[in-house]
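# only geometry, no sequence info:
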């Protein structure tokens, strides 16, 4: 079994599915064929690989080693042939006592606040885990273990930790792969140590790197979003492996409050550019949303861990939202450029910076590379491991959390998922190899009342005739205030009915040829913000299925500052397999430049115009444009 | 005549008035008695003065010398007795060739992008000008001239400039004080050189320091707000002294567009924390408004220069707004702490950081000092010079732009201004010494239709009987779509009438005992934002006179995230000479934490509650509180 996260306990265990062409299968192939080579080329060009070969002067930022490790992780999951050569450079750069860092070897651990040494080890260990699980031990994994042992020796005692969490979850995963308890113990200590405090004073204050209070006492995620989410992920890993129900419940509560108050509609997290931080409750500006790609990925990692630990559908709901609206957005359709930040509104149709290294904060452009280039390799490793995020097994059978064409093997069964999701809502699960376990399908929170039907290939007596939904303990509750009930049996002994949000659990046994059809309602939805989200007051957004839509205006024609939409049901248009939407808008007119605060409104409603909306993840692929997800509402 | 800005041409010449107790007189006295000593104490404590005495290691940021110069400028205007001792340290630190900088003497001009060497000279020269105009030549002003000559020698030829504009306007002012044309010529070259480009590549891109395009080609202020406003101020100075009407018109157009699209209701400028920059058009978040105190001061400097150059009331209008709502806000009532940033909304009632050095970006707290402490000394020098910002003289007579108790001498006349402004709208101007010239009084843009009356002490025949308003060329236009007309003559031969926004010009001659009364309408006003200001949609604000009001909620009770106000006329309450307002609000109720984007609103209007509003400049003086200027409107 292969996955970046393999808990030894918890409710669910991940499966590694075989993807077929479809929304995610296409992107995983893009990763293998384009993104991985693209990253390798840039890391060579920028000298970050050369740093491991001892080329001087050393190039790149203090954390550039981690990019090579993330790329190695991606290559391991993808089975990329370039792994061994690149890993070889790393192995040969290691010092005899296990220390490994191209920036700090002459000043080891002298700047834990900003040096990122343990952070780099974290990514090294994750690459080692991926190699162990896809290939088995080799010189690279031996080097990784030496590095891990070195870190244990230096950091097991004392009060210090790293400015950037990451090592915690990597150590737990290495423990899961090796059984060596010292790794788990160091991870546990690093989680507990933080906030006592464990780090020195910095410009942004201790909350920036979650050193303001201990993890156990925090009520919400705060400070630098990627740091906060990596730390929370590590805390879940420690909680699961040590059976620490308190710690798990604490992180669940932090997740809950963060999702309710500090998360953008896209699932993006982080509202501040200056310190890449969450910001205060309900500080959710669409234009200055930072919503760093790496924070989206880290959020998927955290939600996935909580899903495995608890089996609650809400975690898969947020992961899905973030996968479709942050992860898929962050990479261009051709795989050669990336968003670092994923704002929900862009006011200026700025030209692209093709082929150039961008400053990370140039938020509104996809760029080929960045001076701080954490995002491309993070996208790459996440897509490469994506087959491990979609389905799980447990004592009851198999659960499918995310729908994309794939073959799933687990609990002794083989299932084929056929779907045009996210463009259409129909999902067909065909049983290729049967088994006794249940098959559970997630009904997203927005899809309550989904129709389903079960077609049994060969009806028989006994338990088969009772086949029908069985609400699991973590379902979100019955649909339409009535209790969920199975529908009428069909001619072939199957059943049909309506499923509420949560998991639709269909008990086995299953035989080859059996089929389950789920029909998720895909009508576009008008979505309104909480009144406390000040920056969104008076606006509405459109969602359809798991996708958030946006208006993209090439050259800002029509001007997106001058529209207000009417909330009639949007029309659907299919264009090249993609569903676009159309709504009716009023074009407002503004007076000439004048003081913009006045006793009566300066704008007057003007002519009507149809406004095309496209899936947010597809914006920025057609040249300079303005964009907005939240659309001013015409009363 | 004494003023920080003394143009040799232009429409108006500044007067230095004698302030009496009142809104600004009290603050100028606070500066003299509290703020100047406070700054001196902190600059000694932090070692920034010691740097000039050669104490090692050198302390403070690369631009800390400029703080001493700004304080010297303040001391010069204020006639502070500590000037000579402090200036002596500076004089003795100068190198034989005129070079003077405690940070870069061993690496002169090696980092013009970030080194701030010319910026520091700029503030040195401004201090020298203040000393020349208030005292005359001495060893300090000689040192200043040596430094200026050194800079001319090094930078007159070539293409280089400084990352932070400031030297431009200082050179022009030194030219005005000395007549040495090389200073004006270097200023002109520095203004023209910028944007060709003149500086190297930085992280934030060239617009950060206005090196993206030449000043003459820019349509709007952009990038780092203080840098942009200092540069524009220098460009006006150059334009005025070289008779460059084109350049002046260009800066006027930049001001116009910036005020229409990139200025907060308070007059604050700058919407981004990361690079302290303006941000895009209509990017005006109340919560993350940066609105740096120094940018507010720089905006007053620019508007003042444009006022002197053109005589247009709009510039005095914005200066007044910024004086009352940024400058007055930035300093605590006791003069011992300061805002660096002046946001229009604060969501978290954070405790104060009394007596500690704060990071500049800790926006929501007044602090005693900052690691980047540009604001306190900038406030100090601005308050010390404030008597030069209030009234002007020109061929026609005297204009009064800002109302506060004062004695004004100009055009051979002496006038006493008596007023309770900004709390009450009545302004009485008494003629102490008569003259032939006109007296012009500014009627702010919000005060169109102000009543006035003229009482002549001893009516006589001839021109006196025709006394009445005479609309100047820069008035904003007639009131109520009718042409402005004088009112009926009163018993003593005076006149009364209504004055439109702009300047109410009352021709002389004037005799001792004559009186003019102006009655500015002080009813509270509901103000609505332009529909393009996305972050303000659905909100309203209350203004009264020149003051912007805010809700301040100690401990966030009532919770300012849960209110919506009804737009009935606010009630007024006087409390200790301060006018507070009360409006009616609905208290909304929120559901427990859940995903905050939904198909229907989660909040329900709840009970009504009165909501107290206080002048924005007074907030943050009563302990930890939340605050908001823009209030959600109850439909």
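It's in. Note that this is a predicted model, so its numbers are computed, not measured.

# hey, let's count contacts and neighbours off CA atoms from now on
Fine.

# show me where pLDDT drops low in the stretch 451-600 of chain A?
A:458-493 (pLDDT under 70).

# Tell me the residues on it that lie near chain B, please.
A:525-532, A:534-538, A:561-562, A:593-600 (CA under 8 Å from any CA of the partner chain).

# Nearest to chain B within the stretch 101-250 of chain A, name that residue for me.
residue A:203 (6.3 Å; CA to the nearest CA).

# Just read off the phi/psi values of that residue.
When read as degrees, to the nearest 10, the backbone of residue A:203 gives phi -40, psi -50.

# For it, give me the pLDDT.
We have a pLDDT of 85 for residue A:203.

# same question, residue A:369
92.

# now do the one 4 residues further on
Residue-level confidence at residue A:373 comes out at 88, pLDDT.

# What's the local residue count around it?
Residues near residue A:373, counting by other CA atoms under 10 Å in any protein chain shown, number 24.

# before we move on, the earlier item: of the residues of the stretch 451-600 of chain A next to chain B, buried ones?
A:525-532, A:534-538, A:561-562, A:595-598 (16 or more other CA atoms under 10 Å in any protein chain shown).

# Please flag which of these sit within helices.
Among these, no member falls in helices (DSSP state H).

# Out of these, name the ones that lie in strands.
Using DSSP state E, the members of these that fall in strands are A:525, A:526, A:527, A:528, A:529, A:597, A:598.

# which of the residues you listed lies closest to residue B:133?
When those are compared for distance to residue B:133 (CA to CA), residue A:597 wins out at 39.6 Å.

# residues contacting the closest one?
Listed by CA atoms under 8 Å, 6 or more residues apart in numbering or on different chains, the contact set of residue A:597 reads B:265, B:527, B:528, B:529, B:530.

# Please repeat the previous calculation with a cut-off of 6 Å.
B:528, B:529, B:530 (CA atoms under 6 Å, 6 or more residues apart in numbering or on different chains).

# Name the nearest residue to the residue of the stretch 51-200 of chain A found nearest chain B, ignoring sequence neighbours.
The stretch 51-200 of chain A approaches chain B most closely through residue A:61 (13.3 Å), counting by CA to the nearest CA. Spatially, and ignoring its direct neighbours in sequence, residue A:61 is nearest to residue A:372 (7.2 Å; CA to CA, 6 or more residues apart in numbering or on different chains).

# tell me which element the one you found is part of?
Here residue A:372, judged by DSSP states H and E, is contained in no helix and no strand.

# Which phi and psi values does residue A:165 adopt?
phi -60, psi 150.

# Would you confirm that it contacts residue A:231?
Yes: taking CA atoms under 6 Å as the definition, residue A:165 is a contact partner of residue A:231 at 5.2 Å.

# low-scoring stretches of chain A, by residue?
For chain A (pLDDT under 70), the answer is A:1, A:352-356, A:359-364, A:458-493, A:601-603.

# What parts of it come near chain B?
A:260, A:273-274, A:527-530, A:532, A:535, A:538, A:561, A:593-599 (CA under 6 Å from any CA of the partner chain).

# any idea where the helices of chain A begin and end?
Counting by DSSP H, the helices of chain A are A:23-30, A:36-45, A:64-78, A:83-93, A:117-134, A:139-155, A:167-178, A:181-193, A:225-242, A:245-261, A:293-310, A:313-322, A:374-385.

# which parts of the second one are buried?
Using 16+ other CA under 10 Å as the burial criterion, the residues of helix A:36-45 that qualify are A:36, A:37, A:38, A:39, A:40, A:42, A:43.

# Against residue A:331, how distant is residue A:23?
13 Å (CA to CA, to the nearest Å).

# hang on, I meant residue A:205
Taking CA to CA, one finds residue A:205 at 32 Å from residue A:331.

# Of those two, which one has the most company?
residue A:331 (29 against 16).

# these two touch, right, the more buried one and residue A:342?
No: applying CA under 6 Å, one finds residue A:331 not in contact with residue A:342, separated by 10.6 Å.

# now the strands for the stretch 351-500 of chain A?
Secondary structure of the stretch 351-500 of chain A by DSSP state E, counting those that start in this stretch: the strands cover A:357-358, A:369-370, A:391-394, A:397-400, A:406-410, A:413-419, A:426-433, A:438-443, A:450-455, A:495-499.

# Now do the same contact list for whichever residue of chain A sits closest to chain B.
The minimum distance from chain A to chain B, using CA to the nearest CA, falls at residue A:274 (4.0 Å). When contacts are counted by CA under 6 Å, 6+ apart, residue A:274 is found next to B:273, B:274.

# separation between it and residue A:289?
11 Å.

# Near residue A:181, how many other residues are there?
Residue A:181, neighbours per other CA under 10 Å, totals 14.

# again, but for residue A:215
25.

# residues touching residue A:447, list them.
Contacts of residue A:447 were listed using CA under 6 Å, 6+ apart, and they are A:520, A:521.

# How is chain A partitioned into domains?
Listed by automatic domain parsing, the domain ranges of chain A are A:13-344+A:353-388, A:393-519, A:526-632.

# Output those in a markdown table; the columns should cover distance to residue B:88.
Formatted as a markdown table, the domains of chain A follow (distance: least, CA to CA, whole Å):
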| stretch | distance to residue B:88 |
| --- | --- |
| domain A:13-344+A:353-388 | 34 |
| domain A:393-519 | 73 |
| domain A:526-632 | 47 |
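
# so which of the ones you listed gets nearest residue B:433?
domain A:526-632 (38.6 Å).

# Wait, residue A:346 touches residue A:624, no?
No: counting by CA under 6 Å, residue A:346 stays clear of residue A:624, with 10.4 Å between them.

# Which one's more surrounded, these two?
Remark: of residue A:346 and residue A:624, residue A:346 carries more neighbours, 23 against 19, as counted by other CA under 10 Å.

# Who is the more buried one paired with across the strands?
residue A:627 (DSSP bridges).

# so how far is residue A:590 from it?
Counting by CA to CA - residue A:346 and residue A:590 are separated by 19 Å.

# do residue A:25 as well
Counting by CA to CA, the gap from residue A:25 to residue A:590 is 46 Å.

# Ok, residue A:580 next?
Residue A:580 is 29 Å from residue A:590, by CA to CA.

# what do you get for residue A:339?
Taking CA to CA, one finds residue A:339 at 32 Å from residue A:590.

# If you count surrounding residues, which of the two has more?
residue A:339 (29 against 16).

# Now do the contacts for that one.
Contacts of residue A:339 by CA under 6 Å, 6+ apart are A:330, A:366.

# Recalculate using a threshold of 7 Å.
Contact analysis of residue A:339 by CA atoms under 7 Å, 6 or more residues apart in numbering or on different chains lists A:293, A:330, A:331, A:363, A:365, A:366, A:367.

# ditto for residue A:263
residue A:269 are the contacts of residue A:263 under CA under 7 Å, 6+ apart.

# give me the number of residues near the residue nearest to residue A:99 when sequence neighbours are not counted?
The shortest distance from residue A:99 to any non-neighbouring residue, by CA to CA, 6+ apart, is to residue A:147 (5.8 Å). Residue A:147 sits with 22 neighbouring residues when counted by other CA under 10 Å.

# How about residue A:218?
Count around residue A:218 with other CA under 10 Å applied: 16.
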